[in-house]
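*Asks:* Quick one: sequence plus predicted model below, questions after.
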2 protein chains.
Amino acid sequence: MNPEPAFDLNAYLKERKQRIDEALDRYLPGEEKSPAELFKAMRYSLFAGGKRIRPILCLAAAETVGQSAFPDALLPVACALEYIHTYSLIHDDLPAMDNDDYRRGNPTSHKVFGEALAILAGDALLTEAFSLMARVDLQVGLAAENRLRVISEIATAAGAFGMVGGQVDDVQSEGKPGNLDLLNQIHARKTGAMIVVSLRAGAILAGGTESDLSALTDYGHKIGLVFQIADDILNVEGDRELLGKNTGSDATRGKMTFPNLLGLEYSRQKAFSLVEEAISDLDVFDSRATPLRRLARYFVERRF
Amino acid sequence: MNPEPAFDLNAYLKERKQRIDEALDRYLPGEEKSPAELFKAMRYSLFAGGKRIRPILCLAAAETVGQSAFPDALLPVACALEYIHTYSLIHDDLPAMDNDDYRRGNPTSHKVFGEALAILAGDALLTEAFSLMARVDLQVGLAAENRLRVISEIATAAGAFGMVGGQVDDVQSEGKPGNLDLLNQIHARKTGAMIVVSLRAGAILAGGTESDLSALTDYGHKIGLVFQIADDILNVEGDRELLGKNTGSDATRGKMTFPNLLGLEYSRQKAFSLVEEAISDLDVFDSRATPLRRLARYFVERRF
């Protein structure tokens, strides 16, 4: 075990979110570009109150294995992770999928811009994510081979074997009998794969060793699951106002969830024990892993 | 001018299509992978009778600037271009967009698999395109910097500044008064950008010079436009059976087209003169550019 020095998680999250938001604003043009409506739709969802968890994990992993401050050259990949996350939310909310009217208290993209533009804004965010990761002018000093590996790992995590595959399983599982193995598999793909690859991407770019990557992968699988269990619990008992969306919607829709299959109390216990296991996965690192240690607890304590 | 040696374009296209189809079949798993329905939907559209024009242009450009036979290491990028093209067709056909029931004589993806899976199959094909381009095991011998540049250029051509932007302009222009500048801009983005980048990608990977790239870009802009004018003409007077989709649909929908704005006869003349200009752009190359020269004529002569 490593001693945990004094550390203000809230201040850390706030500072990181601000730097990421500034970078996102620099990278994605506004309505001065044509087609104005497309860029407006992309920015509407990108700046709709996201907590920037995936970019923050990416940068924290880089600092855990590398120097104490992450280089600016990592920001494009960190932001690309947020583009991909945002595209997935836009498409998941579509009428043909979850048909959600609100997210984080705001009308969803297709409610504001119509279905065609929502589909295209999602497509554009996904595509621009790869454009950003491959940009030659912004990532000076990062090894080209590492950058290709990161693009490859992120594409795999986001695609048919990862997030998109998980969404297909999720859509197809609605209304079917519960099954814990299937539920774990859905979440490992749908949420877990992108959480894990966010950590790995930061570590690869910062020159982490294979053993660093392996420890971060173990940690990531666990906090990815914690994140999902917490989401499911919040959907049952969360504060509608804080969440900015309807609670109880999973039950109405007959969705397979952890509280459904394991009960609320056991789901909560499971999440807490996964957090402790995730923190032990970080024992190989020194105090540079403090943010990741504190983030693990934050995931299970969050109320929205 | 360069002499054009004896060259059998049909045999060339057939041989290229076969090698590309074999590579596509190797790269994209079938229903043995989970979720089976997703891979089934991806393959359904990928193997629905595409002519593989973009991969063929990519490989032909590589041969024009490099060695006489393209290396196998170029196949992943060539196939990724077809993944991206296929995803764009699936999403364009959706009810919220063009609402097309048939393409190349087959029911469109959403008619067979439902809207949710059609959206996700498109998302997955787009994502797997980047996965394929970044794969570390298949592209041995290609410089990492060139590979990053190709990913960057393809993402830019496919995204908000290219194909997706063109589709937004296209959707928003329906039923509005015709305007040749806008029509040219829509097609430069919607079709032209991917045609141009297919040529550039092959040339970059084969070690082409900036002046090679510039000549191929000029050629690409012109044949991209030819391709679109020919498409518009076929929509008016094409053979429904050969095309495998309804003709006359552009007019019904009030779509802005070249025959609408310029008349059929002038559109045809315009296409023929663009072909001759495109062929002159290739004057800087020797007989290795023969396939590209013949392809330019093929685009204006095609009947489906």
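*Replies:* Nice, thanks for sending it over.
*Asks:* So what's the gap between stretch A:261-271 and the chain middle?
*Replies:* For stretch A:261-271, the separation from the chain centroid amounts to 22 Å (computed by C-alpha atoms, centre = their mean, to the nearest Å).
*Asks:* The stretch 1-150 of chain A against chain B: which residues are in contact?
*Replies:* Proximity of the stretch 1-150 of chain A to chain B, by C-beta under 8 Å from any C-beta of the partner chain, involves residues A:33-35, A:37-39, A:42, A:87, A:91, A:94, A:96-97, A:114-117, A:119-120, A:122-124, A:126-128, A:130-131, A:133-136, A:144-145, A:147-149. Placement of C-beta: from N, CA and C, glycine included.
*Asks:* State which helix of chain A is the longest.
*Replies:* helix A:210-237 (DSSP state H).
*Asks:* Now do the helix or strand containing A:Leu59: everything it contacts.
*Replies:* For A:Leu59, the host element (DSSP states H and E) is helix A:53-65. For helix A:53-65, the surrounding residues in contact (C-beta atoms under 8 Å, 6 or more residues apart in numbering or on different chains) are A:13, A:16-17, A:20, A:69-70, A:74, A:77-79, A:81-82, A:85, A:194-195, A:198-203, A:205-209, A:212, A:216, A:220, A:227, A:282, A:285, A:288-289, A:291-292, A:295.
*Asks:* Would you mind listing which of these are buried?
*Replies:* A:13, A:16-17, A:20, A:70, A:74, A:77-79, A:81-82, A:85, A:194-195, A:198-203, A:205-206, A:208, A:212, A:216, A:220, A:227, A:282, A:285, A:288-289, A:291-292, A:295 (16 or more other C-beta atoms under 10 Å in any protein chain shown).
*Asks:* Okay, and which of those residues map to helices?
*Replies:* The helices, defined by DSSP H, take in A:13, A:16-17, A:20, A:77-79, A:81-82, A:85, A:194-195, A:198-203, A:205, A:212, A:216, A:220, A:227, A:291-292, A:295 from the buried ones among the contacts of helix A:53-65.
*Asks:* what about A:Arg288, distance to B:Asp169?
*Replies:* 48 Å (C-beta to C-beta, to the nearest Å).
*Asks:* nope, A:Leu261 is what I meant
*Replies:* 47 Å.
*Asks:* between the two, which one's more packed in?
*Replies:* B:Asp169 (21 against 16; other C-beta atoms under 10 Å in any protein chain shown).
*Asks:* Give the burial count for the residue nearest to the more buried one when sequence neighbours are not counted, as a bare number.
*Replies:* In space, not counting the residues next to it along the chain, B:Asp169 is nearest to B:Ile186; the distance is 4.7 Å by C-beta to C-beta, 6 or more residues apart in numbering or on different chains. Applying other C-beta under 10 Å, we find 24 residues neighbouring B:Ile186.
*Asks:* residues of the strand or helix carrying B:Ile186 that come out buried?
*Replies:* Assigned by DSSP H and E, B:Ile186 belongs to helix B:180-187. Buried positions in helix B:180-187, judged by neighbour count with 16+ other C-beta under 10 Å: B:182-183, B:185-187.
*Asks:* biggest separation within the residues you listed, which pair?
*Replies:* Farthest pair in the buried residues of helix B:180-187 (C-beta to C-beta) is B:Leu182 and B:His187. Separation: 9.8 Å.
*Asks:* Return, as residue ranges, the portions of the stretch 151-300 of chain A with sub-threshold pLDDT.
*Replies:* The stretch 151-300 of chain A contains residues with pLDDT under 70 at A:239-249, A:251-253.
*Asks:* just the residues of it that are near chain B, which are they?
*Replies:* A:151-152, A:155-156, A:158-161, A:164-165, A:167-169, A:171-172.
*Asks:* List only buried entries from those.
*Replies:* Buried members of those, scored by 16+ other C-beta under 10 Å, are A:151-152, A:155-156, A:158-161, A:164-165, A:167-169, A:171-172.
*Asks:* Any buried residues in stretch A:284-303, and which?
*Replies:* A:285, A:288-300.
*Asks:* hmm, who's touching that stretch?
*Replies:* With C-beta under 8 Å, 6+ apart, stretch A:284-303 has contacts from A:2-5, A:7, A:9, A:12-13, A:56-57, A:60-61, A:63-65, A:68, A:199, A:211-212, A:215, A:219, A:222-223, A:226-227, A:230, A:234, A:238-239, A:242, A:271-272, A:275, A:278-279, A:282.
*Asks:* Quick check: pLDDT value at the residue most central in space within chain A.
*Replies:* Note on chain A: the residue nearest the mean C-alpha position is A:Arg54, at 4.2 Å, using C-alpha atoms, centre = their mean. pLDDT for A:Arg54: 98.
*Asks:* Likewise for A:Arg26?
*Replies:* A:Arg26 carries a pLDDT value of 96.
*Asks:* quick revisit: out of the contacts of stretch A:284-303, which end up buried?
*Replies:* A:12-13, A:56-57, A:60-61, A:63-65, A:199, A:212, A:215, A:219, A:222-223, A:226-227, A:230, A:234, A:238, A:271, A:275, A:278-279, A:282.
*Asks:* All the strands of the stretch 51-200 of chain A, in order from the start?
*Replies:* A:102-103, A:106-107 (DSSP state E, counting those that start in this stretch).
*Asks:* what's the closest of the ones you listed to B:Asn106?
*Replies:* strand A:102-103 (35.6 Å).
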